[in-house]
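Asker: let me see the structure of the following:
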Amino acid sequence: MTARIGVVTFPGSLDDRDAQRAVRLAGATPVPLWHGETALRGVDAVILPGGFSYGDYLRGGAIARFAPVMETLIDAAKGGLPVLGICNGFQILCESHLLPGVLTRNAHMRFRRRSQRLRVENSATAFTSHFDPGQEIVIPVKNGEGRYVADEHTLDELEGEGRVVFRYLDGNPSGALRDIAGVTNAAGNVVGLMPHPEHAVEALTGASLDGLGMFTSVIAHLGQTAAAGS
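Answerer: Down below sits the predicted model:
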């Protein structure tokens, strides 16, 4: 049975259609979800896409965290539903306390857009199983509030538990602490990252195809979960 992956649209989302396309190219069925509704429509996983939800008022993700759809999604994520937050979606996951830390203004106070080399630090999450540990990939980055920040205890905990998922190589575009580009929760079903894998899924855009692995990974994860439960 084809996996159904929900993509939430908030006011100000920019990359929801791109995320839906990436899901389709990976072999799953994208299901649009609206921020103002609480129903998740029986999806098997959810993507919170990039953009500027609610205009990034207060700070990125701070208002979207209280959207009606998040009431349902937070509980579902705590129950094991795979959730991927990309850029603004990562900010929302942190504001929702599904992931630790916070995303702040880039240290150089400029919007940064470029192809970014990353190292996959954790290939055991729901969204990274199709990568090898230590694999280097290229994913576009585009943000003005992408600096990952947390207290030293939290950073040490993330490092010690292997919960840093991606790390910047060849320069840190935001000044993120410890070059962290993405993290996961303890269960490995919730992942957030600032770079945009949905923009690296087909040769048409001129980017690498490295982002596709995140979407095929969750499809494989869902298949394995279904097989284990049958």
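
Asker: ranges for the strands of the chain?
Answerer: Taking DSSP state E, the strands of the chain run over residues 4-9, 29-34, 45-48, 83-86, 102-104, 112-120, 136-143, 147-149, 164-168, 180-184, 190-193.

Asker: surely Ala22 and Leu212 touch.
Answerer: Yes. Counting by CB atoms under 8 Å, Ala22 touches Leu212, with 7.0 Å between them. C-betas here are computed from N, CA, C, even on glycine.

Asker: those two: which has the busier surroundings?
Answerer: Taking other CB atoms under 10 Å, Ala22 and Leu212 do not tie; Ala22 has more neighbours (29 against 19).

Asker: show me where pLDDT drops low in this protein?
Answerer: 230 (pLDDT under 70).

Asker: need the contact list for the residue most central in space within it.
Answerer: The residue lying closest to the centre of the chain (CA atoms, centre = their mean) is Gly85, at 2.8 Å. Counting by CB atoms under 8 Å, 6 or more residues apart in numbering, Gly85 makes contact with 47-48, 91-93, 99, 190-193.

Asker: which one (most neighbours) among those residues?
Answerer: Across those, neighbour numbers were computed from other CB under 10 Å; Leu48 holds the maximum, 35 neighbours.

Asker: shared neighbours, Ala22 and Leu212?
Answerer: What both Ala22 and Leu212 touch, as defined by CB under 8 Å, 6+ apart, is the set 197, 201.

Asker: show me what contacts Val149?
Answerer: With CB under 8 Å, 6+ apart, Val149 has these contacts: 101-104, 176-177.

Asker: can we see that at 10 Å?
Answerer: 94, 101-104, 107, 155, 174-177, 180 (CB atoms under 10 Å, 6 or more residues apart in numbering).

Asker: what about the helices in the protein?
Answerer: If DSSP state H is used as the criterion, the helices of the chain fall at 16-26, 68-78, 88-95, 152-160, 212-229.

Asker: thanks a lot, see you next time.
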